[in-house]
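J.: What follows is a predicted structure for the sequence shown.
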Amino acid sequence: MSKVSLYCPTLVEVSQLPTTNTKIQDVVEAVSLFRTYAEKFHKSHQDVILVMHLNRENQLLGMEVVPLHVYRRLRASEIFSGAILRNVSVITVCRYCSSHLSVPSKSDQRIALRLRKAGEILGIELRDFIIVTKNRYFSLM
C-alpha cells in the first residue's frame, strides 16, 4: 500500500513592521505605505510584489511579500494564497519597480485583469493594482 502526505497550510509571520496608519483611505496612502516597506525588500530582488490584506472597512490586516520570478509568469495563486489563509476580503497589489517608468506594461495590464477575475471567483476583491517606483506611481483600477 502506498502512502500520501497530509499537509496543513499555514501562514507564518516573519516580522512586524511599525505603522501609524492602519486604515487606508486612498491610493496615495497605499502607495506611501508600499514605498516604506518595499524598499526593505527591494534590495534582495530586482522587482518585488507586495500584497496588502484589508477588510471591507479598509483596515490594514497585514502585508505579504511575493517574490517576482523573472523566468516565469506570475500566477494568481501566488497573489491570493496569503489572503485565502488569512480569510481577508480585499487586497491591494503593488509591483515595486526598479526602473523609473511607472507606466504599466501590457504584461501588468494582463496580470491585473487575471487577478481581478480570480478575485471575483474567490470572493476576494482586488481593490487596486499599483505600479510604484521611487518617485512615481500608476494605479490600474
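T.: Looks like it arrived, so ask away. Numbering: from 1, shown residues only.

J.: Who are the contact partners of R114?
T.: Applying C-beta atoms under 8 Å, 6 or more residues apart in numbering, we find R114 in contact with A76. Backbone N, C-alpha and C define where each C-beta goes, glycine included.

J.: which SS class is the one residue sitting closest to the centre of the chain?
T.: With distances taken as C-alpha atoms, centre = their mean, V51 lies nearest the centre of the chain, 1.9 Å away. State at V51, reduced to three classes by DSSP: H, G, I helix; E, B strand; the rest coil: strand.

J.: Which strand residues bridge it?
T.: Taking DSSP bridges as the rule, V51 bridges to E64, V93.

J.: so it makes contact with V88?
T.: No - V51 lies out of contact with V88 (C-beta atoms under 8 Å); the separation is 9.5 Å.

J.: Tell me which stretches of the protein form helices.
T.: Under the criterion DSSP state H, the chain contains helices at 27-42, 76-86, 106-122.

J.: Can you check the pLDDT for the residue lying closest to I131 once chain neighbours are set aside?
T.: Among residues not flanking I131 along the chain, F138 sits closest, at 4.6 Å (C-beta to C-beta, 6 or more residues apart in numbering). F138 is assigned 86 on the pLDDT scale.
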